[in-house]
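Colleague: Compute the structure for the input listed below.
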Amino acid sequence: MNFDKWFNGQSTLVKAILLLIPFVGWVMELLVRLSVMLRTKDALHIVVFVVFVVIGWGWILCVADFIYMLIKGHLFLAE
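Modeller: You can find the predicted model right below:
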């Protein structure tokens with residue numbers, strides 16, 4: 001699954017729009033984190049994915065990821 005590579009290959013404007021749309025933003029983050037977890041099989045990425053599934057529906061993580069993406073160009077702990 002290379003969804004994270006596709007997402008990171010998009011322009012910052014496209015990524016920002018995809019993350020700002022309420023339900024679409026959550027699905028995009030979920031797919032990116034799932035893709036990173038399956039590709040790397042790293043314990044940190046597994047924990048981050050589980051935490052995002054449990055409390056990621058809240059807007060705080062989405063806003064933090066949006067700001068981090070604008071600064072760094074990728075989601076927090078999803079590179």
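
Colleague: Just the helices from the protein, written as ranges.
Modeller: Using DSSP state H, the helices of the chain run over 3-9, 12-20, 22-40, 43-55, 59-72.

Colleague: out of those helices, which comes closest to A78?
Modeller: Proximity to A78 (C-beta to C-beta) singles out helix 22-40 among those, at 4.9 Å. The C-beta positions use only the backbone N, C-alpha and C, and glycine is treated the same way.

Colleague: any idea how far that closest one is from the chain center?
Modeller: From the chain centre to the centre of helix 22-40 is a distance of 5 Å (C-alpha atoms, centre = their mean, to the nearest Å).

Colleague: what angle separates that helix from helix 59-72?
Modeller: 70 degrees (axes from the mean of the first three to the mean of the last three C-alpha atoms, to 10 degrees).

Colleague: Geometric centre of this protein: which residue is closest?
Modeller: E29 (3.2 Å; C-alpha atoms, centre = their mean).

Colleague: I figured it was touching F66, is that so?
Modeller: No - with contacts counted by C-beta atoms under 8 Å, E29 stays clear of F66, the gap being 9.4 Å.
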